[in-house]
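**Student:** Turn this into a model:
(3 chains)
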Amino acid sequence: MGDKKLPLIYNQLYDAYGPQGWWPAKTRFEVMVGAILTQNTNWKNVETVIAELEKQKLLKPEKLDKVTLQHLAHLIRPAGYYNQKAKTLKAFLDYLKGRDFNLEKLMRRETKELRAELLRIWGVGPETADAILLYALEKPIFVVDAYTRRVFSRMGYVDEKITYEGLRGFFEQQLDKDLELFKEFHALIDELAKRHCKTTPECAGCPVSGLCRFSSKT
DNA sequence: GGCCAGGACACCA
DNA sequence: TGGTGTCATGGC
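**Tutor:** As a prediction, this is how the structure comes out:
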């Protein structure tokens, strides 16, 4: 593991797919809401909800904070797990309200303690916290998810039972602490998983050559 | 009609 | 700390 193959994999993915433009959102707050809504849920369902919130002009923390728990649950229904997610959004909004809804000020905070605070919010686990940190607050934290675990365990780089923190460490130790690199790499891994690394291996056409145990080493 | 999707929490041993 | 059940909609 001393040899750094991750940068090579990144280059292959970037060459194949190009920039992914993650996170797809207009504002930092929209990223945060999306990060919560997409928990174990198809992104398409999240888009439906985001569009509706936008339409009702509720995509501002001060506005969404005034919506009742019950109404919030109703609004986000298409995203699934709506009771849990409504509760999470409420807890998250409480957190923001306690900081005067000032996201710019939040960004100036130190990453480690900011992460610890986010993890204390009900319903916000490591992946959601890290997605918020990386894509909304622009902190260089590598976001790993189910796709990341599947892809890199299949390729033979990590055990499929590796912990979240273990997997995150695997990436952060090998890569330069580069915000744009972290943003892009995570997005590219998800794209790769969606195309070629589903529940059943579909290696044909996979752009990662020579670096995966399944690839033909030319 | 079954399977899965850009997780997290509660509860248990 | 590790395994299992629960939460839920919509697309394929």
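
**Student:** Averaged pLDDT, whatever helix or strand residue A:169 lives in. What do you get?
**Tutor:** For residue A:169, the element it lies in under DSSP states H and E is helix A:164-174. Regarding helix A:164-174, the rounded mean pLDDT is 96.

**Student:** And for that helix, what's in contact with it?
**Tutor:** A:1, A:4-7, A:126-127, A:130, A:141-144, A:148-149, A:152, A:157-158, A:162, A:185 (CB atoms under 8 Å, 6 or more residues apart in numbering). All C-beta spots, glycine's among them, are computed from the backbone N, C-alpha and C.

**Student:** out of those, which touch DNA strand C?
**Tutor:** Subset of the contacts of helix A:164-174 in contact with DNA strand C: empty, counting by CB under 7 Å from any atom of the strand.

**Student:** Narrow those residues to those that are buried.
**Tutor:** A:6, A:126-127, A:130, A:141-144, A:148-149, A:152, A:157-158, A:162, A:185 (16 or more other CB atoms under 10 Å).

**Student:** Next, name the residue at the spatial heart of chain A.
**Tutor:** residue A:131 (3.9 Å; CA atoms, centre = their mean).

**Student:** The nearest residue to that one once chain neighbours are set aside: which element?
**Tutor:** Nearest non-adjacent residue to residue A:131, counting by CB to CB, 6 or more residues apart in numbering: residue A:35, 4.2 Å away. Using DSSP H and E, residue A:35 falls within helix A:28-37.

**Student:** Report the distance from that helix to the chain centre.
**Tutor:** 10 Å (CA atoms, centre = their mean, to the nearest Å).

**Student:** which element is the residue nearest to residue A:77 when sequence neighbours are not counted on?
**Tutor:** Closest residue to residue A:77 apart from its sequence neighbours, by CB to CB, 6+ apart: residue A:49 at 7.9 Å. Following DSSP H and E, one finds residue A:49 within helix A:43-55.
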